[in-house]
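**Q** can you look at this prediction? I've put the sequence above it.
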Amino acid sequence: MEHLSSGCLDLDGLLEALWPGDNVVFVGGTTAEYEALARAALTHASHEGWPALTIELHPHLLAGLEGVGRLTPSIIWDERRSALLNDAFESIEPNAYVAVQELASLFADEGEAVSFFTSVCPDLYRRKAVAYWHLAEGAFSPRALAAIRDCTQVFVRIEHNGPDRIITPLKVEGRYADDMFRPHRLLIEPELAIEPLRTDPLAQGDHAEALLSKNRELVAIRDQLNRANCLLEEQSRLYESLSANLDQLVELLQVGRRIGASLSGEQVQQAVVRSTLALFRGERARLTIEGGDDPQTVEMVASDSRRSAVGQTRYAQAIVSLRPPRSGRLQVWTPASMLTDQQLQRLLEYLALEVGIALDNAELHRETEAQKEQLRVFVSEIIASEERDSRQLALDLHDGLVQQLVASYQHLQTAQAWCGRDPEMQQREEQQGIDILRQSIVEARRLIAQLRPVGLDDFGLARAVRLFANQQAADNDWQVECQIDPQWPELPATVEAALYRIIQEATNNARKYARSPRLRISLRLQRDDHVIEVRDWGRGFDPQAVLNRAEHGRRVGLVGIRERANLLGGACEIESIAGQGTCIRVRLLRQVPQERES
Amino acid sequence: MIRIMLVDDQAIVRTGLRSLLAPEADMAVVGEAADGLEAIAAARTLQPDIILLDVRMPRLDGLAALKPLKEASPRSSVIMVTLYDDTEYLMRAVADGAAGYVLKDASRAALVEAVRVTHEGGGLISPSLMPRLLVEVGRLLEREGPAQLPVGMQPLSERETEVLRFVAEGLTNQEIADKLFLGATTVKTHVQNILIKLGVSDRTQAAVQALRLGLIQ
């Protein structure tokens, strides 16, 4: 018996033992091939005791099948073809096997055929009847084939290629085998059963011919096997490389997590070097960071026996780009590995990119923390200074103003007591009371001026600074010079208050520490900037040293000046030379809003 | 003549106080001091009847100076002169030996009266304040532990103990006299004897001492 095989065991099995409800469509091939496949399936069905049915235009094709029923062609050829055809299919009992061939000729047009399939196939599927459909090659357009494929479960194309028949599954719903869709060859007769050679001398010519032919077949089979072998080798190589790549990928992901897990610069650096070593299975890895306040080199050497023989070490380095002024370099020494030089370089550069981001983040974090700390120190100093100020004010009120008021009260009462007894004493006491009261008014004014600069609200910064300078000159007996640009504009009240405080602070510093005989306060406009400057000719100091000490709570003045300038978005420059004096300059961009706050 | 010493760090206030007291013919300011240390030294030599003592002063403030001041001049009555109407200060001051206090903004008459009443063994602390004051003082004294009777102290007579009890309640001589059906002068004599026997300078300290010695509850 002829045996038709797809050349693929899974597919063969599928075509012979279908699932109940399958609609199997063959496109192309010959009636013989279709018949071979259908006959095998129908036989199988009847052996299993399932109902099986053929609908045939050519009754002889499947003749002789036991237990297989038939639908008579006369129904199909009726005038009301499709309606009757539907009826015919409705009479098919459940679990039946049905084979129908050359369907195209049954329908008036393609549309009718498609609507037939879309109504009958689901119906058969529901009733678990298996049907074999055969469509001649070219009988339907690709569009109609696609519609039919959509409503059937198995859709197979049979093609001829010279002596070979190639069977290609286009759809196998619900069941797949790995090699089912691989290109394969359809083998037909004689079932690899090689005819035994006969030694009849008369037939030697024929035998030679047969041998030759057999040889050709064997060569073809051998070639096929070789090709399959090559394919297998290629696959296994690909698999190995894929799993190696996977390992590396996992490691790379872990590296990313490790170096991103910390915000401490030192920990990040350690993690980077350790990870580089692991990722490249390296002998040695080194990270160098330059250009910052704190240049660093971290290097690690593999502890295990990864070291390769001399001369086999490969080396790669990549630049780690960091925010200026810092820059970095990542270097790795690794034994020969699966990676090409180019791959090694690319991987290292990718790693360097990640490292750069992580190190920048750590650095930014450090800077933010430092700024937070600085701000905290400043705020606590401000609070301490405010506390000092209010204590000072309370003390000034207690020791100054209140005592003066008390004394004046005592003198005036005494004057009353002398009244009528001793006019001279009365007048003396009155005069004393009045004098002390006047002093207390001066004192009160002084205290208020300390709290809020006189004139700042009413006349603006320029005038207030002039008043301040005059007051300083009068109170402290030194030469205070004032240079104010006539174009100096009015600024928002908060800005003016801050600038005034800066001038006040700088002046206090000069008076307390510089011991300068003279002072110059200037308000200048320079290009786009507002510049205020307080210059003395006193002892001078080392600004950095003082600022550092200030951060430990001393000399709050300079830090206060700097922080106030920062808050205004300005810059503070402190120049000082021992023995030559000090110049404190605060520079603000002129784009400060011009309207005055009320 | 009541001999007075002024202790205040502000010269302007000392001048004011001196002026205040000048019209009083029976009072004389015999000395001045600008802080607690100066005050102790001056009191030792001057042994004034009355010391007007400021609370806030540099070097040694009024409260801290009280005890050494009383040691240097036990018969001096100390009147605290302060800006602040704070009874906590008062409790501390009385426990440490002050007779009472006047505010700096008290009228001239009130100050003069305070000096005179204290000097004459009268009460400076208002009766309404006295019980609370003594409770508070008692609390402060507990920390010092029980005191021993001064060696050779003459015991108080029954009558004197009775008078002392009323003194501790803040009653004036006249009120005590009314209660005991005595003349005011007799009561005054009893009080003077009590002060001498207890070795204290004024009524307030008599009450404090009585409390300290357990003579009254």
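**A** Noted; the coordinates are in hand.

**Q** where does pLDDT dip in the chain?
**A** All of this refers to chain A. Along chain A, segments meeting pLDDT under 70 span A:1-18, A:45-46, A:48-107, A:162-164, A:174-204, A:304-311, A:336-339, A:454, A:546-556, A:590-598.

**Q** let me rephrase: I mean chain B.
**A** B:126-128, B:143-152, B:217.

**Q** got the domain ranges for it?
**A** Per automatic domain parsing, the structural domains of chain B span B:2-126, B:132-212.

**Q** okay if I get the ones you listed as TSV plus distance to chain A and mean neighbour count?
**A** From N, CA and C alone the C-beta is placed, and that goes for glycine too. Below are those laid out as TSV (distance: least, Cβ to the nearest Cβ, whole Å; neighbours: other Cβ atoms under 10 Å in any protein chain shown):
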stretch	distance to chain A	mean neighbour count
domain B:2-126	3	20
domain B:132-212	24	17
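
**Q** mind checking how far A:Asn373 is from chain B?
**A** Just so we're on the same page, residue A:373 is Glu rather than Asn. 38 Å (Cβ to the nearest Cβ, to the nearest Å).

**Q** let me fix that, I meant to ask about A:Leu287.
**A** 63 Å.

**Q** could you say which helix or strand holds that residue?
**A** If you go by DSSP states H and E, A:Leu287 is part of strand A:284-290.

**Q** would you mind measuring from A:Ala108 to chain B?
**A** Taken as Cβ to the nearest Cβ, the span from A:Ala108 to chain B is 118 Å.

**Q** can you tell me the SS state at that residue?
**A** Put simply, A:Ala108 is coil when judged by DSSP: H, G, I helix; E, B strand; the rest coil.

**Q** I figured A:Arg585 hits A:Gly570, correct?
**A** No - counting by Cβ atoms under 8 Å, A:Arg585 stays clear of A:Gly570, with 10.0 Å between them.

**Q** can you put the domains of chain B in a markdown table and add distance to A:Pro122?
**A** Shown next, in a markdown table, are these (distance: least, Cβ to Cβ, whole Å):
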| stretch | distance to A:Pro122 |
| --- | --- |
| domain B:2-126 | 101 |
| domain B:132-212 | 103 |
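
**Q** which helix is the longest one in chain B?
**A** helix B:184-198 (DSSP state H).

**Q** residue contacts, the residue of chain B most remote from its centre?
**A** Here chain B reaches farthest from its C-alpha mean at B:Phe181, the gap being 27.2 Å by Cα atoms, centre = their mean. By Cβ atoms under 8 Å, 6 or more residues apart in numbering or on different chains, no residues touch B:Phe181.

**Q** can you give me phi and psi for it?
**A** phi 60, psi 50 (degrees, to the nearest 10).

**Q** and the gap between it and B:Arg159?
**A** 12 Å (Cβ to Cβ, to the nearest Å).

**Q** against B:Ser107, how distant is the closest residue to chain B within chain A?
**A** Of all residues in chain A, the one sitting closest to chain B is A:Gln410 (3.3 Å; Cβ to the nearest Cβ). Distance from A:Gln410 to B:Ser107, counting by Cβ to Cβ: 10 Å.

**Q** one more: A:Thr340?
**A** From A:Thr340 to B:Ser107 the distance is 106 Å (Cβ to Cβ).

**Q** and what of A:Glu112?
**A** Counting by Cβ to Cβ, the gap from A:Glu112 to B:Ser107 is 127 Å.

**Q** list the contacts of stretch A:439-459.
**A** By Cβ under 8 Å, 6+ apart, the list of residues contacting stretch A:439-459 from outside reads A:393, A:396-397, A:400-401, A:404-405, A:408, A:463-464, A:467-468, A:471, A:493, A:496-497, A:500, A:504.

**Q** tell me which residues of that stretch are tucked away?
**A** Within stretch A:439-459, the residues that qualify as buried are A:439-440, A:443, A:453, A:455-456, counting by 16 or more other Cβ atoms under 10 Å in any protein chain shown.

**Q** what's the end-to-end length of stretch B:22-29?
**A** 8 Å (Cα to Cα, to the nearest Å).

**Q** residues making contact with it?
**A** A:414, A:417-418, A:421, A:425, B:1-6, B:17-18, B:21, B:112, B:115-116.

**Q** rerun that using 6 Å as the cut-off
**A** Outside stretch B:22-29, the residues that touch it by Cβ atoms under 6 Å, 6 or more residues apart in numbering or on different chains are A:417, B:1-4, B:6, B:18, B:21, B:112.

**Q** adding secondary structure and distance to B:Thr82, write these out as a markdown table.
**A** Output for the contacts of stretch B:22-29, formatted as a markdown table (DSSP: H, G, I helix; E, B strand; the rest coil; distance: Cβ to Cβ, whole Å):
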| residue | secondary structure | distance to B:Thr82 |
| --- | --- | --- |
| A:Ala417 | helix | 22 |
| B:Met1 | coil | 26 |
| B:Ile2 | strand | 21 |
| B:Arg3 | strand | 22 |
| B:Ile4 | strand | 17 |
| B:Leu6 | strand | 14 |
| B:Arg18 | helix | 18 |
| B:Leu21 | helix | 18 |
| B:Val112 | helix | 17 |
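
**Q** from the residues you listed, which two are the most distant?
**A** A:Ala417 and B:Arg3 (20.2 Å; Cβ to Cβ).

**Q** chain B contacts on the stretch 401-550 of chain A?
**A** A:403, A:406-407, A:410-411, A:413-414, A:417, A:429 (Cβ under 6 Å from any Cβ of the partner chain).

**Q** please redo it, this time with the cut-off set to 7 Å
**A** A:402-404, A:406-407, A:409-411, A:413-414, A:417-418, A:421, A:429, A:436 (Cβ under 7 Å from any Cβ of the partner chain).

**Q** surely A:Asn566 forms part of a strand?
**A** No - secondary structure assignment (three-state DSSP) places A:Asn566 in helix, not in a strand.

**Q** tell me how many other residues surround it.
**A** 15 (other Cβ atoms under 10 Å in any protein chain shown).

**Q** I appreciate the help and will end here.
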